[in-house]
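*Asks:* got a sequence here, can you model it:
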Amino acid sequence: MNNFTFYTPTKVVFGKDTEKEVGTLVAEQKCKKVLLHYGGQSAKKSGLLDRICDSLKAENIDFVMLGGVVPNPRLSLVYEGIDLCKKEGVDFILAVGGGSVIDSAKAIGYGMANDFDVWDLYDRKKVATACLPIACVLTIAAAGSEMSDSSVITKDEGGIKRGYNHPACRCKFAVLNPELTYTLPDYQTSCGEVDIMMHTLERYFVTDETMEMTDGIAEALLRTVMNNAKILLNDPTNYNARAEVMWAGSLSHNGLTNCGAGGDWSSHQLEHELSGMFDVAHGAGLAAVWGSWARYVYMEKPERFANYANKVFGIELSENPAETAIKGIEATEIFFKSINMPISVSDMDINLTDEQIDTLTEKCCFGGRTIGSFKVLNKNDVKKIYTAAK
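*Replies:* I've put the predicted structure just below:
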């Protein structure tokens, strides 16, 4: 078991109608002017933005608005947000949306608080010294960005997708009302559920000795998401199921499920290049590559995969851990398919060419880097996984 620091400073306000408390929550931050950052038209059409604006006005809080965030949020809008914040004297950012909006808000916050090009953080050329205070009203259970220290941005030129982690970007508060996720399309709900699972699996598959408590939390979280995902397929406005998935999303990415262990993150690195090139939904891309990654690495510690199969899916342990491990990988893919998620890149109507695989590999291994820790993957390994996933 490794030493660890568990740091989760975000205040969570969870439940029905909690978005009406935004004005009071923002007022507690003693800010002068807020950037209200959001995505497309759904927040407007649903009346959510109006309710938030009314709550801010009730507390006499001045604000400006910037919409237009898309899945795989773009650096160009981040630059636009930085310019707007500087012009308007913004000192607090409120993200209304899912992980993409929150990540975009974090990047704008970095750009406001550091005197260099914000992309230099994501390009690993600089280290953040601060971030403008951020908070959020969550509308999609998926990325866990509402409680994480991470942000992922896509550079428009070249479709380069990179992540950056720093504790300064953690939200001051997060408003979580499961009702706000009722109108999500089934596909988006399923993508979010996969994303939540993958944040847990990336931390679960390690070769280090782990804590029984941490493993138990991770396994329970995975079972909870899968159980409630099936409920939501037939009953999308089931409040309890939406609440379970939303809370799982926050816990999956706030550091709780890897206390005492590390993490692998290969599947995320592999997927970042897919969504950077093809603009696919993050959760779908993760589902498409995970099985190929798992089959490529599981023999590094088949007992770990066997334990996963047993504790999460109830698969009986055999004398040969590798046999149980494969059954667990197959069971995961069966679940993905049951919620209409892909298990290969071709399932997303993308037929990878050899040239595209080479490009994906080069981008994933930029600067000669390796990825992963369960099995450290070099450029040759990455290419084989992309090929197997096609």
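*Asks:* return the distance of the lowest-mean-pLDDT helix or strand in the chain from the chain's centre.
*Replies:* Scoring the helices and strands of the chain by mean pLDDT, DSSP states H and E places helix 42-45 at the bottom, with a mean of 84. A distance of 22 Å separates the centroid of the chain from that of helix 42-45, by Cα atoms, centre = their mean, to the nearest Å.
*Asks:* how about the next helix or strand after it as CSV, C-alpha atoms only?
*Replies:* Downstream of helix 42-45, the next assigned helix or strand under DSSP states H and E is helix 48-58. Provided in CSV are the C-alpha atoms of helix 48-58 (Å, rounded to 0.1, in the frame of the first residue of the first chain):
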residue,chain,number,x,y,z
LEU,A,48,-32.1,26.3,-15.9
LEU,A,49,-30.2,29.3,-17.0
ASP,A,50,-33.1,31.6,-16.1
ARG,A,51,-33.4,30.0,-12.6
ILE,A,52,-29.7,30.5,-12.0
CYS,A,53,-29.7,34.1,-13.3
ASP,A,54,-32.7,34.9,-11.1
SER,A,55,-30.8,33.4,-8.1
LEU,A,56,-27.7,35.5,-8.8
LYS,A,57,-29.9,38.7,-9.3
ALA,A,58,-31.6,38.1,-6.0
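*Asks:* buried stuff in the very next helix or strand once past helix 48-58?
*Replies:* Using DSSP H and E, the helix or strand that follows helix 48-58 in sequence is strand 62-66. Buried residues in strand 62-66, counted by 16 or more other Cβ atoms under 10 Å: 63, 66. For the C-beta atoms, the positions are set from N, CA and C on the backbone; glycine is no exception.
*Asks:* just how off-centre is strand 62-66 within its chain?
*Replies:* That offset, for strand 62-66, works out to 26 Å (Cα atoms, centre = their mean).
*Asks:* kindly report the same for stretch 374-390.
*Replies:* Counting by Cα atoms, centre = their mean, stretch 374-390 comes out at 22 Å from the chain centroid.
*Asks:* show me the contact partners of that stretch.
*Replies:* Stretch 374-390 has contacts (Cβ atoms under 8 Å, 6 or more residues apart in numbering) with 205-207, 264, 266, 270, 288-289, 291-293, 295-297, 300-301, 304, 344-346, 351-352, 357-358, 360-362, 364-365, 368, 370-371.
*Asks:* just the CA atoms of that stretch, as PDB, please.
*Replies:* Output in PDB follows, covering the C-alpha atoms of stretch 374-390 (Å, rounded to 0.1, in the frame of the first residue of the first chain):
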ATOM      1  CA  PHE A 374      -0.200  -1.800 -14.900                       C
ATOM      2  CA  LYS A 375       1.900  -2.500 -18.000                       C
ATOM      3  CA  VAL A 376       4.100   0.300 -19.300                       C
ATOM      4  CA  LEU A 377       3.200   0.700 -22.900                       C
ATOM      5  CA  ASN A 378       5.600   2.000 -25.600                       C
ATOM      6  CA  LYS A 379       4.800   3.100 -29.100                       C
ATOM      7  CA  ASN A 380       4.800  -0.500 -30.400                       C
ATOM      8  CA  ASP A 381       2.400  -1.600 -27.700                       C
ATOM      9  CA  VAL A 382       0.000   1.400 -28.300                       C
ATOM     10  CA  LYS A 383      -0.100   0.600 -32.000                       C
ATOM     11  CA  LYS A 384      -1.000  -3.000 -31.300                       C
ATOM     12  CA  ILE A 385      -3.900  -2.000 -29.000                       C
ATOM     13  CA  TYR A 386      -5.300   0.500 -31.500                       C
ATOM     14  CA  THR A 387      -5.000  -2.200 -34.200                       C
ATOM     15  CA  ALA A 388      -6.800  -4.700 -31.900                       C
ATOM     16  CA  ALA A 389      -9.500  -2.100 -31.100                       C
ATOM     17  CA  LYS A 390     -10.300  -1.300 -34.800                       C
END
